[in-house]
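[1] Sharing a model prediction with you, sequence too.
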Amino acid sequence: MSRQTDNATTTYLYDRLRAPFQGICDAGWITFALLIVIRGYGADQGTVADLIKGLITASSFIGLLLTAVCIALVGKTGWRATSIVSVYLSIAGVLLLASALVNSLIAFTLLFVVASIIFNQQAPMMIRAYSSNYSPTERGQKVSTVLVIVAGCGAVYSFLGGRLLDWNFNLYPLILIVIAISCFISASLIHRIPSEPLTQAETGNPFRSFSLIWKDKLFGWLLMSWALMGFANIMTIPIRVEILANPDYGINASNEQIALATFIIPAVARVLSGKVWGALFDRMNFILWRICVNSCFFIGLLLFFSGMNLPVIYLGATFIGLGMGGGMIGWNLWVTKIAPLEKVSAYMSIHTMLTGLRGVIAPFVGYLVLTSFSSQAVGWLAASLVIASSTMFALLWRNDRFRRAA
């Protein structure tokens, strides 16, 4: 067996082992945190409450916004990429444990936000391991398997957590403690995945990598196309919880129903479609693949925000989940379609930073539209952005670099 084959086997083994714990971690960053703020601390109305909810929702994107800076700092250590991820997860786990023990809204928010920022430094490091250890013909399928396990375990944990909170909401610290323990276990497993230290081209001045946006015009165009789709999805994430949990919007769903609509149904759809999207990612023209993913989001967003009853909302959540099944694979791997191996983390860091930038802004825009107009207006605005994004992707249909990658 070649070294790459050995590395691929080891990577696939430990990536699948850590996936259930990664799923538990993913389940808690938005839905449970917002429920804790709204129903645990009573922050459901007012300017301060909206600011805190927006900050919690944006925290993961603040983390993405800082990825290039963090790469420049940790790259100087000479540590392996997966060892750095292990450290990130350990620190996030400690902060989550602390957030479970405090009884102050401000302290909880600060601890949770910092934990989320650190947790979301993983992507540029993991793509370094994936691009080095997996061949292009297997990358999508193997990573999609891991993402399917992540989504499935996250759905189970979200369901059980919702039932627990419906039974006794005062037990919410237990939700955070389990997530923290999962961070520690995931850190131990991910440390065993082989990887190399980052190259000089991937570290150094974090702003030097921005020149890739205009030097590689295809990359720059794709970033803009992705930004429109991403903004549409991100701006609706907290609003989905808000219109279900806040009695002012007429639904006043239970904690279990909220978890079902915002996490469990999308996660199940993501699980059922993930392997299909992964196989298609390895074999299909990337532009056509992306437009198919966008179409699922378009249908899902319209249904979720136009329906004022739970069955229609559940159907919308299903289509959003189908889009997520492909979207997460694409988000994690698309730069491997165009980036040289020695610069893949640099390309990814720009992608994650811009995701972070729109993620910081989009939730506040979503709340502004919701308070100024209606939930239906949020849905139509998001759907319009998806159409614009798909049009920009379609203009690259015959680009030679995608044909060569295929």
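    It's in.

[2] What's the first helix or strand after the helix or strand hosting residue 291?
    Per DSSP states H and E: residue 291 is located in helix 286-306. Per DSSP H and E, the first helix or strand lying C-terminal to helix 286-306 is helix 310-333.

[3] give the contact list for the closest residue to residue 328 other than its chain neighbours.
    Excluding its sequence neighbours, the residue lying closest to residue 328 (Cβ to Cβ, 6 or more residues apart in numbering) is residue 147, at 5.4 Å. Quick note: C-beta positions are derived from backbone N, CA and C, even for glycine. When contacts are counted by Cβ atoms under 8 Å, 6 or more residues apart in numbering, residue 147 touches 19, 270, 274, 278, 325, 328-329, 332.

[4] Which members of the residues you listed are the farthest-apart pair?
    Using Cβ to Cβ, the contacts of residue 147 reach their maximum pairwise distance at 19 and 325, which is 14.9 Å.

[5] who's more crowded, those two?
    Between residue 19 and residue 325, counted using other Cβ atoms under 10 Å, the more crowded position is residue 325 (27 against 21).

[6] Check the contact between that one and residue 277; I expect there is one.
    Yes: contact status for residue 325 versus residue 277: in contact at 5.0 Å, counting by Cβ atoms under 8 Å.

[7] on that earlier part again, so which one among the contacts of residue 147 has the lowest pLDDT?
    Looking at those, model confidence by pLDDT dips furthest at residue 270: 84.

[8] Can you spell out which helices and strands pack onto the helix or strand that that residue is a member of?
    For residue 270, the element it lies in under DSSP H and E is helix 265-283. In terms of contacts (3 or more Cβ pairs under 8 Å, 6 or more residues apart in numbering; DSSP states H and E), helix 265-283 is packed against helix 139-167, helix 286-306, helix 310-333.

[9] and the helix or strand just after the first one, which residues are buried?
    Read in the C-terminal direction, the helix or strand following helix 139-167 is helix 172-190, with elements assigned using DSSP H and E. Buried positions in helix 172-190, judged by neighbour count with 16 or more other Cβ atoms under 10 Å: 172-173, 175-190.

[10] got it, and stretch 95-106?
    95-100, 105.

[11] Stretch 133-141 too?
    133-134, 139-141.

[12] how about a markdown table for those residues, with distance to residue 67 and pLDDT added?
    What follows is the buried residues of stretch 133-141, written out as a markdown table (distance: Cβ to Cβ, whole Å; pLDDT from 0 to 100):
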| residue | distance to residue 67 | pLDDT |
| --- | --- | --- |
| 133 | 21 | 90 |
| 134 | 21 | 90 |
| 139 | 20 | 88 |
| 140 | 22 | 88 |
| 141 | 26 | 88 |
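
[13] Skipping adjacent residues, who's closest to residue 305 in space?
    Per Cβ to Cβ, 6+ apart, closest to residue 305 is residue 379, 2.6 Å.

[14] pLDDT value on that neighbour, please?
    At residue 379, pLDDT is 86.

[15] residue contacts, it?
    So residue 379 contacts 236, 301-302, 304-306 (Cβ under 8 Å, 6+ apart).

[16] Now, of the residues you listed, which are buried?
    Among the contacts of residue 379, those classed as buried by 16+ other Cβ under 10 Å are 236, 301-302, 304-305.

[17] is it possible to export those to a markdown table including distance to residue 6 and pLDDT?
    Shown next, in a markdown table, are those (distance: Cβ to Cβ, whole Å; pLDDT from 0 to 100):
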| residue | distance to residue 6 | pLDDT |
| --- | --- | --- |
| 236 | 43 | 88 |
| 301 | 44 | 93 |
| 302 | 47 | 91 |
| 304 | 45 | 91 |
| 305 | 49 | 88 |
